[in-house]
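Undergrad: Build the 3D model from these lines:
(chains A, B, C and D)
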2 protein chains.
Amino acid sequence: MRCMAVSARRGTPLTAEEIRSTALRLIEAGGVDSLSMRKLAAELDVNPMSLYHHVANKTELIREICLGNVVPLLDLPPDDGTPWQDQLRALAYAYRRLARTHPMLWTYVHNHPEVIELKEGGLWDVLFRILPAAGVPEDKRWRTADVLHGFVSGLLLSETLGHIAADQADETYETAIDMIIRGLPEH
Amino acid sequence: MRCMAVSARRGTPLTAEEIRSTALRLIEAGGVDSLSMRKLAAELDVNPMSLYHHVANKTELIREICLGNVVPLLDLPPDDGTPWQDQLRALAYAYRRLARTHPMLWTYVHNHPEVIELKEGGLWDVLFRILPAAGVPEDKRWRTADVLHGFVSGLLLSETLGHIAADQADETYETAIDMIIRGLPEH
DNA sequence: ATGCGTAGCCATACACCGTATGGCTGACGC
DNA sequence: GCGTCAGCCATACGGTGTATGGCTACGCAT
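TA: Numbering: from 1, shown residues only, chains lettered A, B, ... in the order given. All right, here's what the predicted structure looks like:
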């Protein structure tokens, strides 16, 4: 519906989604730290201050990208009747796919807790569906869920940062998930 | 030996060690990102540019702090005759002590790989001493070492960032190490 | 003694950052 | 016609890392 005053240099008005996806592209191209409101504005062919009519500030922008453009990409395994081992494996690999799709943002999030302090997506629901089946007693489920998440995040962080040889990454991850499954009560 | 021209506002000349320890203090007080050369200089009662006669630049300064003032604090378990489980546990707890001593720098390092790409301290030597005793076949030792390091780092990151309830942190870590030990071949 | 090299320090300046403030334009409801 | 307001932009402020070059005063060779 072609609304309001329109940029001098652009045909169509900005949208929050356009800003987010462009920002995400810049982030994945050069890291979160290399994203600046000014570069983002230049990429969108717009004055830096125009961005602030669509996003509150930079950190809020990043938060919205995470919640709107990244977290939803995690496809959680359904609650079919398959053994808990298979479901846990599926969850782990979905998580890895997410990390590899947006490595820069993923590493950023994993040490800027303020971005998503809320437990991400339905991941924890799935974990709490799996753990009882794995024989983890109720009073240890929270603890175990934290451990599993910490383990997997840490390993993915190592991989993303290049601490793990690229040609070994697949086998390493498999080894890791096997180790986790073996470590749960109902081996 | 009181050498050369001396600061107008200070009695003694700067030293690299003084710069590093002050920077480390500021980092642990407010996070790595809040450290600036200007604040650091102010804290040392010196002109910002004076720092550059003792350190190459900011990232190099941080690297030197890690290598000189943090990594050496990791006290690796000795090669006494104790079972590998005990040695692994000792290593894990030494690592945790380090993370809790310098949480800010620790989290920073764990997603700025360029800082210490070199495998930190003698940690890996100890791991490679333990893994054979734990029954890990030679062709899987590197992989397993990567996994263990990723796991433990990730969990400590979670803890440091406050994702784990403080009153549960001890038990959670214990649970984690138990799980790792159970997951290794020679349970 | 005298002059020089140089270690240590500092003043200035540049390019970049996030964003507060306030003003412009033009579409809309009344 | 007119007020409101969405969208955009120009300017400015205080912060950042650090390049450049100049100052001082010591140690040393002459």
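
Undergrad: Show me what residue of chain A gets nearest to chain B.
TA: Nearest to chain B in chain A, going by Cβ to the nearest Cβ, is residue A:154, at a distance of 1.5 Å. C-beta: built from backbone N, CA, C; applies to glycine.

Undergrad: For that residue, give me its contacts.
TA: For residue A:154, the contacting residues are B:150-158, by Cβ atoms under 8 Å, 6 or more residues apart in numbering or on different chains.

Undergrad: Looks like residue A:108 contacts residue A:62 (just checking).
TA: Yes - assessed by Cβ atoms under 8 Å, residue A:108 is found in contact with residue A:62 at 7.5 Å.

Undergrad: before we move on, the earlier item: please list which of the contacts of residue A:154 also come close to DNA strand D.
TA: Contacts with DNA strand D within the contacts of residue A:154, counted by Cβ under 7 Å from any atom of the strand: none were found.

Undergrad: Name the nearest of these relative to DNA strand C.
TA: Closest approach to DNA strand C among the contacts of residue A:154 (Cβ to the nearest atom of the strand): residue B:157, at 24.7 Å.

Undergrad: Now do the helix or strand hosting that closest one: distance to the chain's middle.
TA: According to DSSP states H and E, residue B:157 maps onto helix B:141-160. Mean-position distance between helix B:141-160 and its chain equals 13 Å (Cα atoms, centre = their mean, to the nearest Å).

Undergrad: Okay, angle between it and helix A:141-160 too, please.
TA: If you take axes from the mean of the first three to the mean of the last three Cα atoms, to 10 degrees, helix B:141-160 sits at 120 degrees to helix A:141-160.

Undergrad: Just the mean pLDDT for helix B:141-160, thanks.
TA: Averaging pLDDT along helix B:141-160 gives 96.

Undergrad: does the helix or strand just after that helix come close to chain A?
TA: Next helix or strand after helix B:141-160 toward the C-terminus (DSSP H and E): helix B:169-183. Yes - interface with chain A: helix B:169-183 contributes B:171-172, B:175-176, B:178-180, B:182-183 (Cβ under 8 Å from any Cβ of the partner chain).

Undergrad: now the helices for chain A?
TA: A:16-30, A:37-43, A:58-65, A:84-101, A:103-109, A:123-133, A:141-160, A:169-183 (DSSP state H).

Undergrad: so of those, which one's packed in deepest?
TA: The highest mean neighbour count among those, using mean count of other Cβ atoms under 10 Å in any protein chain shown, belongs to helix A:141-160: a mean of 23.

Undergrad: got any ranges where chain A has weak pLDDT?
TA: Residues of chain A that meet the criterion pLDDT under 70 lie in A:1-11, A:117-120, A:186-187.

Undergrad: Only C-alpha atoms, please: export stretch A:179-186 in CSV.
TA: C-alpha atoms of stretch A:179-186 as CSV (Å, rounded to 0.1, in the frame of the first residue of the first chain):
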residue,chain,number,x,y,z
MET,A,179,29.6,-41.0,24.5
ILE,A,180,26.7,-39.0,25.8
ILE,A,181,24.2,-41.8,25.2
ARG,A,182,26.5,-44.3,26.9
GLY,A,183,26.9,-42.0,29.8
LEU,A,184,23.1,-41.8,30.5
PRO,A,185,21.8,-44.3,33.1
GLU,A,186,20.0,-46.6,30.8
